[in-house]
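In: Quick one, fold the following:
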Amino acid sequence: MSTGMIEYIAELLQDGHLSVPDDIKEKLLQMKGYTIRVRIELPEITKAPMTAYSFLRARKLLAAIPGELRDDIVRERQDRV
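Out: Next up, the predicted model:
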């Protein structure tokens, strides 16, 4: 069996597992019982992207508030659209 290095870009799945291409899975299955080296390079983490403010979504939420309070809140924020 030949030795060597395999390199690919993996997607980190939501459950914490890494995606592995099928051809690499086949090679790993042939190596059961062997010790392999795994190297993980993490990207530099920057500030998490902020969710854009949605006045329309906020308006829908405000629609559930009865009475004049809702109208006052909407009127105060009209300039932010």
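In: separation between residue 65 and residue 73?
Out: 8 Å (Cβ to Cβ, to the nearest Å). Bear in mind the C-beta positions are built from the backbone N, C-alpha and C, glycine included.
In: Now do the SS call for the spatially most central residue of the chain.
Out: Nearest to the mean C-alpha position of the chain, counting by Cα atoms, centre = their mean, stands residue 14 at 7.4 Å. Following DSSP: H, G, I helix; E, B strand; the rest coil, the label given to residue 14 is coil.
In: pLDDT at it, what is it?
Out: Residue 14 is assigned 85 on the pLDDT scale.
In: One more: residue 24?
Out: 90.
In: Skipping its backbone neighbours, what lies nearest it in space?
Out: Nearest residue to residue 24 in three dimensions, chain neighbours excluded: residue 6, at 5.9 Å (Cβ to Cβ, 6 or more residues apart in numbering).
In: Remind me which helix or strand that neighbour belongs to.
Out: Under DSSP states H and E, no helix or strand contains residue 6.
In: and it, how many neighbours?
Out: 11 (other Cβ atoms under 10 Å).
In: Same check on residue 66?
Out: 7.
In: circling back: give me the distance between the residue nearest to the centre of the chain and residue 28.
Out: The span separating residue 14 from residue 28 equals 22 Å under the rule Cβ to Cβ.
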